[in-house]
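K.L.:
got a predicted structure here, sequence first:
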Amino acid sequence: MKLRVGILFGGESVEHEVSIISALQAMAAMDSQRYDIVPIYISKQRDFYTSPMFFDVEPFQDLELLKEKAENITLVKKGQQVVMEPVKKSWRKKDLGTLDVIIPVMHGTNGEDGTIQGYLEMLKIPYAGCDVIAAAVGQDKAIMKNILENSGLPVCPWFWIYGHEFADQQQNVLDRVHDLGYPVVLKPACLGSSVGITIAHNDEELVAGIEEARQYDNKIVIERMVPKLREINCSVLGSCFDCQASVLEEVGRHDEDDLLSYVDKYLGTGAAKGSVQNHAGAAKGTGSKGGMASAARIVPAPLDDQTTARIQQLAVETFKALGASGVCRIDFMMDGKSGEIYVNEINTIPGSLAFYLWEASGVSFAELMDRLVAQAIDRQRRREKMIFSYSTNILASYSANRGGAKQGGKL
């Protein structure tokens, strides 16, 4: 019997469209002989929909029409099963079936930050990728960098602030930035895909960059710009029990004092020589917009064996330090002058699920999806052996008259 695998994608995040592309690629890669694939789209209004038409990109080009034609659903736990039920009840009962496993392919807010993971935990359904804590930590760059530093991993000099406190602490923040030295990079703490990121070369640009970042998050990370920056990425697949690192990629840029933007990453700016192009099995209609797979990049990265091994080891250590699982991508910054390497961040649900790095490592996209399903089931089995509660009820023998509850006393 086939496993019914739900692919969750979309969501309220600014990376909504990126999530759609990633999910279409993932579903196209899955073995339909092994799995009954169920696309579950989450709108920007947080409503859940499913439809057979979700295997193509065309329906997502008119979201209002999509909502009219697709089935608005909710996921309900009934006994040991998770059932899809229509939101609108009718006299003709619709059997939308059950789900065995969920693979979240949601980027950013509510997808990578532990929110959807917590929902799936409550449903008690096996799901792939990071758990609630690892997802939340990986999404918040301020917390993540603190953990990385505490774990002895190399992090570029940095600090973070609350945007709403900047006006009252402006001189203190400026002093700390001057200690770092311009230029500095400003990032919203809990976003990805280069959204809201700016580079400041002076105090005026710093103030403007903080105002820009505040539009997306109240927590702002400020870090020193790495000279002659080389951006190197490595994916890690597995769990704390067993994981492996992929080949490396180097991400291209337009000039030395710039960062790869959202547009560069996802809307196509041409690829660097030797880079990976769109997945041959991408969903119908995705065209040239192949997600992270279509960005300018060189795979494998042009680095010597020693440096490659060093970055791969740091990627595994980062993965384990943050308690990650599933398929993640760890991004590194390399000083083009000194060769010094810094861990930049983890992407717990990377664009295109980093399939292009695994294909270059000898793992097909189909096998990658198989491993995610297996990881989800394996984690659920491990958890079922753990103790989370006791089969007792201390209230059964409790008397309100004895415990002093009415007077605010303790049990």
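P.N.:
Sure, I can see it.
K.L.:
which stretches in the stretch 1-150 of the chain count as strands?
P.N.:
3-10, 35-42, 48-50, 71-78, 81-86, 98-99, 101-105 (DSSP state E, counting those that start in this stretch).
K.L.:
equivalent analysis for the stretch 301-411 of the chain, please.
P.N.:
Applying DSSP E, counting those that start in this stretch to the stretch 301-411 of the chain gives strands spanning 326-334, 341-347.
K.L.:
hmm, who's touching the host helix or strand of residue 250?
P.N.:
Here residue 250, judged by DSSP states H and E, is contained in strand 243-251. Residues from elsewhere that reach strand 243-251 (Cβ atoms under 8 Å, 6 or more residues apart in numbering): 230-238, 260, 276, 295-303, 308, 311-313, 315-316, 319-320, 354, 356-358, 360-361, 363. The way it works is simple: take the backbone N, C-alpha and C, and place the C-beta from them, glycine included.
K.L.:
switch the cut-off to 6 Å
P.N.:
Strand 243-251 has contacts (Cβ atoms under 6 Å, 6 or more residues apart in numbering) with 231-237, 260, 297-301, 308, 311-312, 315-316, 319, 357-358, 360-361.
K.L.:
and the residue nearest to residue 133 when sequence neighbours are not counted, how many neighbours?
P.N.:
Using Cβ to Cβ, 6 or more residues apart in numbering and skipping residues adjacent in sequence, the residue nearest residue 133 is residue 323, 6.2 Å away. When neighbours are defined as other Cβ atoms under 10 Å, residue 323 has 16 of them.
K.L.:
I'd like the distance from residue 323 to residue 114, if you could.
P.N.:
Going from residue 323 to residue 114 by Cβ to Cβ, to the nearest Å gives 12 Å.
K.L.:
repeat for residue 382
P.N.:
19 Å.
K.L.:
try residue 221
P.N.:
From residue 221 over to residue 114 (counting by Cβ to Cβ), the distance is 19 Å.
K.L.:
likewise residue 344?
P.N.:
Applying Cβ to Cβ to residue 344 and residue 114 gives a distance of 21 Å.
K.L.:
again, but for residue 349
P.N.:
Remark: distance between residue 349 and residue 114 (Cβ to Cβ) = 12 Å.
K.L.:
what touches both of those two?
P.N.:
By Cβ under 6 Å, 6+ apart, no residue touches both residue 349 and residue 114.
K.L.:
which of these two has more neighbours?
P.N.:
residue 349 (30 against 22).
K.L.:
give the contact list for residue 231.
P.N.:
By Cβ under 6 Å, 6+ apart, the contact set of residue 231 is residue 251.
K.L.:
tell me if it really is in a helix.
P.N.:
No: counting by DSSP: H, G, I helix; E, B strand; the rest coil, residue 231 is not part of a helix but strand.
K.L.:
going forward can the numbers begin at 18, since that is how I track them
P.N.:
Right, with 18 as the first residue, what we last looked at is residue 248.
K.L.:
what score does it have for pLDDT?
P.N.:
pLDDT recorded at residue 248 is 96.
K.L.:
bridged to it, which residues?
P.N.:
residue 268, residue 350 (DSSP bridges).
K.L.:
same check on the one 4 residues further on?
P.N.:
Using DSSP bridges, the bridge partners assigned to residue 252 are residue 346.
K.L.:
distance check, it against residue 412.
P.N.:
Taking Cβ to Cβ, one finds residue 252 at 49 Å from residue 412.
K.L.:
neighbour-wise, which of the two wins?
P.N.:
residue 252 (28 against 8).
K.L.:
not counting sequence-adjacent ones, nearest residue to residue 70?
P.N.:
Using Cβ to Cβ, 6+ apart and skipping residues adjacent in sequence, the residue nearest residue 70 is residue 76, 4.9 Å away.
K.L.:
can I assume that neighbour is in contact with residue 83?
P.N.:
Yes: between residue 76 and residue 83 there is a contact under Cβ atoms under 6 Å: 4.8 Å.
K.L.:
so residue 240 sits in a strand?
P.N.:
Yes: counting by three-state DSSP, one finds residue 240 located in a strand.
K.L.:
need the contact list for it.
P.N.:
Per Cβ under 6 Å, 6+ apart, neighbours of residue 240: 173, 175, 202.
K.L.:
which of those lies closest to residue 63?
P.N.:
residue 202 (31.4 Å; Cβ to Cβ).
K.L.:
count of neighbours near that closest one?
P.N.:
Neighbours of residue 202 (other Cβ under 10 Å): 21.
K.L.:
picking up where we left off before, now do the same for the residue nearest to residue 150: its pLDDT.
P.N.:
What the model reports for residue 340 is a pLDDT of 97.
K.L.:
is it in contact with residue 152, as I believe?
P.N.:
No: the criterion here is Cβ under 6 Å, and residue 340 misses it with residue 152 at 9.5 Å.
K.L.:
I'd say residue 44 and residue 53 touch.
P.N.:
No: at 11.6 Å, residue 44 does not count as touching residue 53 under the criterion of Cβ under 6 Å.
K.L.:
hmm, back to that, out of the strands of the stretch 18-167 of the chain, which is the most enclosed?
P.N.:
Sort the strands of the stretch 18-167 of the chain by mean neighbour count, taking mean count of other Cβ atoms under 10 Å, and strand 118-122 sits at the top with a mean of 28.
K.L.:
centre of the chain to that one, how far?
P.N.:
The chain centre lies 12 Å from the centre of strand 118-122; the measure is Cα atoms, centre = their mean, to the nearest Å.
K.L.:
which residues make contact with it from outside it?
P.N.:
Against strand 118-122 from outside (Cβ under 6 Å, 6+ apart): 20, 22-26, 39-40, 43, 133, 137, 142-146, 389-390, 393.
K.L.:
only alpha carbons, please: show it as CSV.
P.N.:
Extracted C-alpha coordinates of strand 118-122, given in CSV (Å, rounded to 0.1, in the frame of the first residue of the first chain):
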residue,chain,number,x,y,z
VAL,A,118,3.4,11.7,6.5
ILE,A,119,3.8,15.4,6.0
ILE,A,120,6.7,17.1,4.3
PRO,A,121,6.7,20.9,5.0
VAL,A,122,8.1,22.8,2.1
